[in-house]
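Novice: What would the 3D arrangement of this be:
(2 chains)
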Amino acid sequence: MSHPFRADFPLLVHTDIAFLDSAATSQRPECVIQAEKEYYERYNANPLRGFYDLAQEATARYEGAREKVRAFLNADSAEEIIFTRNTTESINLVAWSWGLSNLKKGDEILITISEHHSNILPWQMVAQRTGAVLRYIFCREDGSYPKEEVEAAFTGKVKLAAAALVSNVLGQEGPVRQMAKLVHLNGGVMLADAAQAAPHMAVDVKALGVDFLAFSGHKMLAPMGIGVLWGRKDLLDSMPPFLRGGEMIDSVRQQDATFAELPHKFEAGTVNGAGAEGLAAAIDYLSRAGFDRIGDIELSLTRRALSGLQAIPHVRVLGGTTAEEHHGILAFLVDGVHPHDVSAILNEDGVAVRAGHHCAQPLHTHLGARSSTRASLYLYNTEEEIDRFLESVSSIRRKMGLG
Amino acid sequence: MANTFYNEILIDHNQNPYHKHPLPGANMTLEGVNPSCGDDIVLQLRVEDGVIQEGSFEGDGCAISQASADIMLDMIIGKPVEEAQRLSALFLKMIRGGCSPEEIEELEEAGALSDISHMPARVKCAVLGWHTMEEMLKGKKQPATTES
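Specialist: Just a heads-up that it's a prediction; the model follows:
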């Protein structure tokens, strides 16, 4: 059977591994790997510095990638696109810059219990330093956030709200749009973590109505080490720099400096030009593939995997009961077997999954599980891989002496 | 079951841990944790006249951490502290892949874990109990962690 995308991924072509850990990092297609290589072979100079032709070319390509990201997010201006290393750095930028400058004692920061640690720890830091209070909205057992409970969690004191568009454990969509509306009633701002959404669906910052949005390239076919923060221009303009150093200034005197305009104010030091080139190639690849077609493949594979897991005795899938609620992410428990042993046995059968708390320990605690095993898929996976995964899962309890 | 690391010895100690219970008469207690994966045990010993008279463990973790702790207790109960420390050093040497077949033989059932030397991701699980015992015998009171 011919698969529309699989042959584009060299690692998958060259190994027999059923790679079901794309929520941790995706594989990359040949065109992305080539784009990064070609940057170094043909365009490499330090972008944004140098007046010779090669440096101008490097700059033009870097800024071309920024424009590509702008269009990908339907943002108003490329000035609103800040390149970072990853989602974690993007959220930290907002926490250290906007958070520390704007929040104070008596304010509240409201996030959901299903956040990744990278959307929890920066806010813990802001709360500790400013005296603001960090509060949570709690999900139901299926991972959903009923509208009335979200609304009830909003006091007039909430000045910053943050949530993931898609949970990295349950795959459920977070109440981002609703939280954005509610926090705006208080004159506050909303940050969306799009790390698990950007690889799988169109993300439109205007339609979402948020003020900041963060995602990583490496989960959506791009190289590691390139990520994005999008922010509303008026907010970014008002914020102090996050990191300070090279090429983010207008002028520097012995005791002070004035800073460059957006977006360079937030991109101190030499940037990841090749990474941006790879991200642009990944966006092109996803555009050609089309999120509709990607979504169809993922939903069909998720259905197969979910109904398969639901049919295995002593296996419990965390979160919703329908494939539509999972966005290709299936975290599960096998009664009596620790997730590390589950993943070790899957590994022996050539299946790569994640085991542990997936950087979402508060969510696991809330759901009454210490940890879980997570299978997550993407556009390149196959039915054969899902079947191999299911067969291995159904053998686990027997192999562990549990009949 | 030929192609699985989870051999009968491991499975048996994980399913039916003989030494997993409270130890009311213990005079030494130490918690040991693997922060990265959440294995968490409490090791208890009753040591008198330089000899480990009784021992037990409680807690949660993967099969490797649980079975390894149970096997360890099988081996050290009734032995002088110095002998427990010598076995522990030998076990750690095996996990690093440095033991001769004779030395592995000397580790009795703990030798069932010798393949861990090829599984870097699981080393911390296998050594948790042993590491916790070593720290305890050195007089450590704060929880022992496998993260250095």
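Novice: CA only for contacts and neighbour counts going forward, please
Specialist: Will do.
Novice: for the record, mean pLDDT for stretch A:89-104?
Specialist: Mean pLDDT, stretch A:89-104: 98.
Novice: Which of the residues in that stretch are classified as buried?
Specialist: Going by neighbour count (16 or more other C-alpha atoms under 10 Å in any protein chain shown), the buried part of stretch A:89-104 is A:89-100, A:103-104.
Novice: do stretch A:317-336 as well
Specialist: For stretch A:317-336, burial by neighbour count (16+ other C-alpha under 10 Å) applies to A:317-320, A:323, A:325-334.
Novice: And for that stretch, what's in contact with it?
Specialist: With C-alpha atoms under 8 Å, 6 or more residues apart in numbering or on different chains as the contact definition, stretch A:317-336 has outside contacts at A:23, A:141-144, A:166, A:168-173, A:200, A:298-299, A:301-303, A:306, A:309-310, A:314-316, A:339, A:342, A:372-378, A:397, A:402.
Novice: how about the helices in the stretch 301-403 of chain A?
Specialist: For the stretch 301-403 of chain A, the helices defined by DSSP state H, counting those that start in this stretch cover A:339-348, A:361-367, A:383-399.
Novice: Point out the most buried one among the ones you listed.
Specialist: Mean neighbour count (mean count of other C-alpha atoms under 10 Å in any protein chain shown) peaks for helix A:339-348 among those, with a mean of 22.
Novice: Poorly predicted segments of chain B, please.
Specialist: For chain B, applying pLDDT under 70 flags the ranges B:1-3, B:147-148.
Novice: coming back round to it: which members of the contacts of stretch A:317-336 additionally contact chain B?
Specialist: Applying C-alpha under 8 Å from any C-alpha of the partner chain to the contacts of stretch A:317-336, one finds that A:Pro339 fall near chain B.
Novice: number of nearby residues for A:Tyr136?
Specialist: 17 (other C-alpha atoms under 10 Å in any protein chain shown).
Novice: Could you do A:Gly156 as well?
Specialist: A:Gly156: 14 surrounding residues under other C-alpha under 10 Å.
Novice: Could you measure from the nearest residue to it once chain neighbours are set aside over to chain B?
Specialist: Nearest residue to A:Gly156, sequence neighbours excluded (C-alpha to C-alpha, 6 or more residues apart in numbering or on different chains): A:Asn186, at 5.9 Å. Going from A:Asn186 to chain B by C-alpha to the nearest C-alpha, to the nearest Å gives 39 Å.
Novice: got the phi/psi numbers for A:Asn186?
Specialist: Here is the backbone geometry of A:Asn186 (degrees, to the nearest 10): phi -90, psi 0.
Novice: What residues does it make contact with?
Specialist: A:156-159.
Novice: Turn the helices of the stretch 301-403 of chain A into JSON lines, including mean pLDDT and distance to B:Ser114.
Specialist: Output for the helices of the stretch 301-403 of chain A, formatted as JSON lines (pLDDT from 0 to 100; distance: least, C-alpha to C-alpha, whole Å):
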{"stretch": "helix A:339-348", "mean pLDDT": "94", "distance to B:Ser114": "16"}
{"stretch": "helix A:361-367", "mean pLDDT": "94", "distance to B:Ser114": "32"}
{"stretch": "helix A:383-399", "mean pLDDT": "97", "distance to B:Ser114": "19"}
